[in-house]
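Asks: Based on what follows, work out the 3D shape:
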Amino acid sequence: MSERPDNTTPHEAAARGPLLLSTWSFGERANAAAWPDFSAGGSALDAVEAVTVFCDEDPGIDSVGYGGLPDRDGDMSLDGCVMLSPEQCGSVCAVRKHLHPVRIARLVMDRTPHVMLAGEGADEFASAHGLPEQPLLSPEAKKAWQVRQAQGGGDSSDVRPVDGDPDGALFKDQEDRWRNNHDTIGVLGLDDQGRLAGACSTSGMPWKVPGRVGDSPIIGHGLYVDPHGGAAVATGTGELVMAICGSFLAVEQMRSGAMPQDAIREVLERIASRSDLQANHQVALIAIRPDGHWSSGALRPGFRLAFSDGSGHHTMDPAFVQLPGT
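Replies: Numbers count the residues shown, from 1 in each chain. Next up is the predicted model:
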């Protein structure tokens, strides 16, 4: 993983040319895989889908797709959404037979009058449109669940999303990895035509109560894109984001003239003002305005993001941490 090669602060300048922003350091390699087509004139919509598909297929990512950790009972379900504007968006949740929720969500957006499909209906829709069924639970994720069961099981109340260090050593051992993992892959793109797009894909909170759906597939919560205001995507404890419609709030702040960093700060200040924050709670956002200004922020330490532009592919810490001592 690479750091930005100079001393510039990308948050302080507007992007010139294509830009990809992704949550978590694993987004760097996903951005890099999507970059050749994107930088050659590809659309932001195609690029954000490609980033999520790459993450879905990587068994080393334990919070997305095939590598994701299952629910309390050892079963896998996937959620995701994609968005170009309030009039062009699609979403699916509780998908159990198909690996790429964003790909299904794009079909919902393009081929139906609906916004969201759930459960068996989403899987049937995917099959009807030619997407293959495939296993969702990797052997490593199944082993992680078995180890947890042997240790007494339980819900996800002790899990906090964290990232690794710049050298790529994510966790000190496997048990630490299973206890503290990454989270949703959220990605925003601004193409060379000035078009914004966003997508997010997740296997949901590890060890979740079966049936739980978080913020990621819900338009305005985990993701929101408005060509006239900007785009934002959230990651972390979905219930906190859902309580304030986090991504919508960030975009509305930008629509009213706020810079991305200030918009994100407003979201995190509202979350931080809650009196019932738990030690495992984390929320982070990335946001971009139509003019190319972008930023990121996190409620607590442990979040990193990836960005790709004409200078290459990089990972970095967020512009600020709202509660740095926690």
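Asks: what lines up beside the helix or strand harbouring residue 94 in the sheet?
Replies: Counting by DSSP states H and E, the element that carries residue 94 is strand 88-95. Using DSSP bridges, strand 88-95 pairs in its sheet with strand 78-85 (antiparallel), strand 116-118 (parallel).
Asks: Which residues does the shortest one contact?
Replies: Taking contacts as CB atoms under 8 Å, 6 or more residues apart in numbering, the residues outside strand 116-118 that touch it are 81, 90-94, 104, 108, 125, 213, 217-219. Any C-beta I mention is one placed from the backbone N, CA and C, and that applies to glycine too.
Asks: what number of residues lie near residue 46?
Replies: By the criterion of other CB atoms under 10 Å, residue 46 has 16 neighbours.
Asks: Likewise for residue 324?
Replies: Other residues near residue 324 come to 10 when the count uses other CB under 10 Å.
Asks: Next up, phi/psi of it, please.
Replies: When read as degrees, to the nearest 10, the backbone of residue 324 gives phi -60, psi -20.
Asks: So the closest residue to it other than its chain neighbours: helix, strand or coil?
Replies: With CB to CB, 6 or more residues apart in numbering as the criterion, residue 324 has its nearest non-adjacent residue at 6.4 Å, and that residue is residue 301. Under DSSP: H, G, I helix; E, B strand; the rest coil, residue 301 falls in the coil class.
Asks: can you list contacts of stretch 25-34?
Replies: Applying CB under 8 Å, 6+ apart, the contact partners of stretch 25-34 are 1-2, 20, 22, 47, 50-52, 54-55, 58, 60-61, 163-164, 168, 182, 185, 187, 304-308, 313-315.
Asks: after the helix or strand of the chain with the lowest mean pLDDT comes which helix or strand?
Replies: Ranked by mean pLDDT, DSSP states H and E, the weakest helix or strand in the chain is helix 174-179, scoring a mean of 48. Counting by DSSP H and E, the element after helix 174-179 in chain order, helix or strand, is strand 185-190.
Asks: got the angle between the helix or strand just after that next one and strand 78-85?
Replies: Next helix or strand after strand 185-190 toward the C-terminus (DSSP H and E): strand 196-202. Interaxial angle, strand 196-202 versus strand 78-85 (axes from the mean of the first three to the mean of the last three CA atoms, to 10 degrees): 170 degrees.
Asks: roughly how far is strand 196-202 from the heart of the chain?
Replies: Strand 196-202 sits 7 Å away from the centroid of its parent chain (CA atoms, centre = their mean, to the nearest Å).
Asks: Now do stretch 106-124: distance from first to last residue.
Replies: Its start and end residues considered, stretch 106-124 measures 15 Å (CA to CA, to the nearest Å).
Asks: Report the contact partners of residue 289.
Replies: If you count contacts by CB under 8 Å, 6+ apart, residue 289 has them with 229, 230, 254, 259, 260.
Asks: can you map out the strands along the stretch 151-300 of the chain?
Replies: Along the stretch 151-300 of the chain, the segments classed as strands by DSSP state E, counting those that start in this stretch run 185-190, 196-202, 223-226, 230-236, 283-288, 294-298.
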